[in-house]
Structures are given as C-alpha cells and as structure tokens.
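Enquirer: Mind folding the following:
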Amino acid sequence: MHILKPNQFSGDALTEHIELEEELSPFLDRSDELNQAYFDAVIRKAKGLFDTLFPDGEGFTLVYHVYGDHPGNTGMFRLIRDKSLRFQTALIRSEEEEETLWTYIVPIADRDQIRMSRLLEAICHQDFQPLRPRLRGWAMSYPAVQFIHQEAGHVLFVYDDRGAYIRGTSPEHLQAIKQKISPSLMPDRT
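Expert: Numbering: from 1, shown residues only. A predicted model of the protein is given here:
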C-alpha cells in the first residue's frame, strides 16, 4: 500500500483531479448565506465516487493526515462505529518542512464499521463553520482523509468541498478507474 501525503497528489502522473461541483456556488448570490443546494450536490458526488470505487464488501484503508502539534481529538473516531478499530490504528509521526505530520492508518474490512456518509459530509463541510458534521481543526490542520482500496490499491482523496483526487497504481489502472466512474461524476474521462 502506497500512502501519499496530501501535497503529493497534484501533478502526479497517476492522479486525476475531479471537481465536486462546477456550476453552483457555496454562497447564495451576493450574500454570505450558504447555498444548501451546492452542498447537497457536492456531498452526493463525493458519495457517488466513494460508492463506485469502494463497492460494498470490499475492504479499504482509511488514512488521515494532520499537520501541527499533537492533534489530540480530531473528531475522526466519533465517525468510526467499530470502536475496536482504535486499537488497530497505526500512528506515524514525521517532520515535514518544519511542521509535524501525523498519519493515522485504519484498516476497514467492511464499510459498516464507519459512518461513511457522515465522514464525507464532514470533509465537505470543513471550511464552513456553521455546517455540521465537521472535522476538528483548532490548533491543527483539518484531517486530510484518503481511502485506499485494500486489494486494487487505488486511492480516493476528497480534500474538501471543491474537489477530490483519484489515483491508480499504473496508467492503465487509472484509465480503468476513470471508465468505471459514471459521466455525471466525471464528465471528462479521456
């Protein structure tokens, strides 16, 4: 299993960027009022990508990165139903350009072990204080969450409401993943 840091996705030859919403704005016209239709569309697309890339019954690894001092409670474990996974979580600490990077690796055998819809909603809400659920990000960065297919090795990294990256293990694998994704989720699949 190859784990990329959040800053390693952009420009990677095995990676494709996907916009989660291209037409709507997170705000209603000329106001600071949030546009619920935008968030509904973003979350629907994030869930569609996840469901396509990680079918029911196929295991995946949840990887999340947090920059900063020891993150303490990131809010991630409240989204994991199977509390025994806390004891299976690996934690790696590394230094990244004068900043500490904490990487959590959680093996998920079955999607029922996690509150997947709530997790994707929290990722898409993270830049918008009034929205719930959200991941925590007080004295640290918000967790950057990746899903890695345990057998095929492809990665889905939904970084926030703006977009996601998919990553294959080879150019052919990336192309196969892109073809698997419906045109409504990824209009430019060439």
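
Enquirer: Toward the C-terminus, what is the element adjacent to the worst-scoring helix or strand of the chain on mean pLDDT?
Expert: Lowest on mean pLDDT, DSSP states H and E among the helices and strands of the chain sits strand 90-96, with a mean of 91. From strand 90-96 onward toward the C-terminus, using DSSP states H and E, the following helix or strand is strand 99-108.

Enquirer: Just checking: what are the partner strands of that next one?
Expert: strand 60-67 (antiparallel), strand 90-96 (antiparallel) (DSSP bridges).

Enquirer: highest average neighbour count across those strands?
Expert: Stretch with highest mean neighbour count among those: strand 60-67 (a mean of 22; mean count of other CB atoms under 10 Å). C-beta here means a position set from N, CA and C on the backbone, and glycine is covered the same way.

Enquirer: model confidence over that strand, on average?
Expert: For strand 60-67, mean pLDDT rounds to 94.

Enquirer: got a list of contacts for that strand?
Expert: Strand 60-67 is contacted by residues 1, 3, 5-6, 54, 74, 76, 96, 99-108, 111, 114, 140-150 when judged by CB atoms under 8 Å, 6 or more residues apart in numbering.

Enquirer: Report the buried members of those residues.
Expert: Neighbour-count burial (16 or more other CB atoms under 10 Å) applied to the contacts of strand 60-67 gives 6, 54, 74, 76, 101-108, 111, 114, 140-149.

Enquirer: Which elements pack onto the strand or helix carrying residue 177?
Expert: Secondary structure assigned from DSSP H and E places residue 177 in helix 171-180. With contacts taken as 3 or more CB pairs under 8 Å, 6 or more residues apart in numbering; DSSP states H and E, helix 171-180 sits against strand 15-19, helix 36-53, strand 163-167.

Enquirer: now the residue most central in space within the chain, nearest residue through space, not along the chain?
Expert: Relative to the mean C-alpha position of the chain, the nearest C-alpha, by CA atoms, centre = their mean, is the one of residue 158, at 3.2 Å. Excluding its sequence neighbours, the residue lying closest to residue 158 (CB to CB, 6 or more residues apart in numbering) is residue 164, at 4.3 Å.

Enquirer: can you pull up the bridge partners for the one you found?
Expert: Bridge pairing for residue 164 (DSSP bridges) gives the partners residue 18, residue 158.

Enquirer: so who does it touch?
Expert: Per CB under 8 Å, 6+ apart, neighbours of residue 164: 17-18, 20, 46, 49, 156-158.

Enquirer: same deal with residue 184?
Expert: residue 48.

Enquirer: Tell me which helix or strand it sits in.
Expert: Here residue 184 is assigned to no helix or strand, by DSSP H and E.

Enquirer: ok, it to residue 37 distance?
Expert: Residue 184 is 16 Å from residue 37, where distance means CB to CB, to the nearest Å.
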